[in-house]
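what follows is a predicted protein model with its sequence.
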Amino acid sequence: MDVTQFTAAVVGGDARLAYAVQVFLRAGWRVKQYQVHVLPGVETGEEAESIKEALEGAALVLGPAPFRAPDKELAQALAEHIAQGQVLIAGALPNVLRERCAALGVRAHDLLEREDYSVLGAIATAEGAIAEAVMRSGGTIHLSDCLVLGYGRCARPLAKKLMGLGARAVVAARRWEAACAAIADGCEVLDFSMLPRHLFRFAYIFNTIPAMVLGEALLQRAAPESTIIDIAAAPGGVDFAAAQELGLNAALCPGLPGKYSPRAAGESVAQTARIILEEQGGEAWGWNASAPASA
């Protein structure tokens, strides 16, 4: 399949990919899109009537970031029409796509496996978690006691932003290295073994650990008026059935970048795609072009 160097096919996804399309257009690329959200005031590419039409001649294929369960048919269609010479970039690549790309020799990149993309996404996740906490509690972060469980990629910017809003941020980290990092960032650190004695202190509890850390026994010690926001990967780290029985205000909040910061998240998708292409082909991808290559 002959591909045009500065042509991208953008397929599926949420509002984030609509903003990614705009970045590519402003960089001088031709963009063909299929089932991409159309947003007021956001530049759009050429609408394709099928995935096959969208992929025809495209050097880059940009898919959902991430793929979700409802995207199963989309993944299958992409697998059927992806071709040699193309580069596929998406998040949480389904096995059907991975296997097809491997068979064809197509270079496939999973955004969720890249540290740069994850770090950028963590910023939007942290801000979204704070937004959820404020809206669900009706309170303010300022001068509140906030507990952050874990101190990894998402927890670190979250704790820093909480402190920036005037909160008293306390981190419970399981690894000594993570605890040291929290201390260095100005956070109080609490050993996990001490949680039963201190959990009642916190108005806001943010979990970032993708393992069960807030079971029924611990939840019984939380303040009745506390707000619990879980941003760990599903199914999270909170016993939500127990939280409901106890009358606690607890919520699992996935997909925060797409919900609260789709423009920033979409720009991060496009920027990471740019870096991936530059890693593969040097400066040959036309990012400084003033007009589409076909002009």
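Structure's in. What do you need? No experiment lies behind these values; they were computed from the predicted model shown.

in this structure, mark out all the helices, start to finish.
15-26, 51-55, 72-81, 95-104, 115-137, 155-164, 176-184, 195-198, 216-219, 240-245, 256-260, 262-281 (DSSP state H).

export those to a markdown table and append columns for mean neighbour count, mean pLDDT and distance to Y204.
The C-beta positions use only the backbone N, C-alpha and C, and glycine is treated the same way. Converted to a markdown table, these look like this (neighbours: other CB atoms under 10 Å; pLDDT from 0 to 100; distance: least, CB to CB, whole Å):
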| stretch | mean neighbour count | mean pLDDT | distance to Y204 |
| --- | --- | --- | --- |
| helix 15-26 | 23 | 95 | 27 |
| helix 51-55 | 20 | 96 | 43 |
| helix 72-81 | 18 | 95 | 36 |
| helix 95-104 | 15 | 96 | 38 |
| helix 115-137 | 19 | 96 | 5 |
| helix 155-164 | 21 | 97 | 8 |
| helix 176-184 | 15 | 95 | 16 |
| helix 195-198 | 14 | 96 | 14 |
| helix 216-219 | 15 | 97 | 15 |
| helix 240-245 | 14 | 97 | 14 |
| helix 256-260 | 20 | 93 | 15 |
| helix 262-281 | 19 | 91 | 23 |
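
so which of the ones you listed is nearest V170?
Comparison of the helices of the chain against V170 by CB to CB identifies helix 195-198 as nearest, at 7.9 Å.

contacting residues around the residue lying closest to V96 once chain neighbours are set aside?
Nearest residue to V96 in three dimensions, chain neighbours excluded: A79, at 4.9 Å (CB to CB, 6 or more residues apart in numbering). Under the criterion of CB atoms under 8 Å, 6 or more residues apart in numbering, the neighbours of A79 are V96, L97, E99, R100.

I209 now?
L149, G150, R174, A232, G237.

pick the one among those closest to P157.
G150 (12.4 Å).

next one: the closest one, what pLDDT does it get?
The per-residue pLDDT reported for G150 equals 96.

and the gap between it and F202?
For G150, the distance to F202 (CB to CB, to the nearest Å) stands at 15 Å.

next one: R153
Counting by CB to CB, the gap from R153 to F202 is 22 Å.

hmm, back to that, in a markdown table: the contacts of I209, plus distance to E132 and neighbour count.
Output for the contacts of I209, formatted as a markdown table (distance: CB to CB, whole Å; neighbours: other CB atoms under 10 Å):
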| residue | distance to E132 | neighbour count |
| --- | --- | --- |
| L149 | 15 | 25 |
| G150 | 17 | 27 |
| R174 | 24 | 14 |
| A232 | 14 | 24 |
| G237 | 16 | 20 |
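
and the furthest pair within these?
Pairwise distances across the contacts of I209 (CB to CB) peak at 13.1 Å, for the pair R174 and A232.

who touches both of these two?
By CB under 8 Å, 6+ apart, the residues touching both R174 and A232 are G150, I209.

between R153 and F202, who's got more neighbours?
Using other CB atoms under 10 Å as the criterion, R153 and F202 rank with F202 on top: 22 against 16.

which ones are touching the more buried one?
Counting by CB under 8 Å, 6+ apart, F202 touches D145, C146, L147, V170, A222, A223, S226.

for A250, list each beta-bridge partner.
I228 (DSSP bridges).

for it, what are its contacts?
Contacts of A250 (CB under 8 Å, 6+ apart): L219, T227, I228, I229, D230, V238, F240, A243, Q244.
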